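> here's a sequence, model it:
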Amino acid sequence: MHRHGLCFLNNADAMGAKSYVQSHTPDTRLTGSLSASRGMLSNC
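As a prediction, this is how the structure comes out:
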């Protein structure tokens, strides 16, 4: 998790980036149910 932000900070100017937003999928029963309904594998 810490590598992505650091990589962004080191390369933001070269990429012409204005901001960095990192989001994570919540680990809930709903997430697993939605993944299963779409035929996707669970991360757990």
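
> so where do the helices sit in this structure?
Residue ranges of the helices in the chain, as given by DSSP state H, are 2-15, 29-37.

> give the burial count for Ser35, as a bare number.
Other residues within reach of Ser35, judged by other CB atoms under 10 Å, total 15. For every residue, glycine as well, the C-beta is placed using N, CA and C.

> re the thing from before, ok, which of the helices of the chain comes nearest Ser23?
helix 2-15 (11.3 Å; CB to CB).

> what is the rounded mean pLDDT of that closest one?
The average of the pLDDT scores along helix 2-15 is 84.

> sorry, back to before: could you dump the helices of the chain into JSON lines with distance to Ser23 added?
Putting the helices of the chain into JSON lines (distance: least, CB to CB, whole Å) gives the following:
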{"stretch": "helix 2-15", "distance to Ser23": "11"}
{"stretch": "helix 29-37", "distance to Ser23": "13"}
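
> among those, which is nearest Val21?
Proximity to Val21 (CB to CB) singles out helix 2-15 among these, at 9.9 Å.

> quick one: residues in contact with that closest one.
17, 20, 22 (CB atoms under 8 Å, 6 or more residues apart in numbering).

> could you export it as PDB, CA atoms only?
Extracted in PDB, the C-alpha atoms of helix 2-15 (Å, rounded to 0.1, in the frame of the first residue of the first chain):
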ATOM      1  CA  HIS A   2       2.800   2.400   0.800                       C
ATOM      2  CA  ARG A   3       4.700   1.800  -2.500                       C
ATOM      3  CA  HIS A   4       1.900   3.100  -4.700                       C
ATOM      4  CA  GLY A   5       1.700   6.400  -3.000                       C
ATOM      5  CA  LEU A   6       5.500   6.800  -2.900                       C
ATOM      6  CA  CYS A   7       5.700   5.900  -6.600                       C
ATOM      7  CA  PHE A   8       3.100   8.500  -7.400                       C
ATOM      8  CA  LEU A   9       4.800  11.200  -5.400                       C
ATOM      9  CA  ASN A  10       8.100  10.500  -7.100                       C
ATOM     10  CA  ASN A  11       6.600  10.600 -10.600                       C
ATOM     11  CA  ALA A  12       3.600  12.900 -10.400                       C
ATOM     12  CA  ASP A  13       5.200  15.700 -12.400                       C
ATOM     13  CA  ALA A  14       6.400  13.400 -15.200                       C
ATOM     14  CA  MET A  15       2.800  12.000 -15.400                       C
END
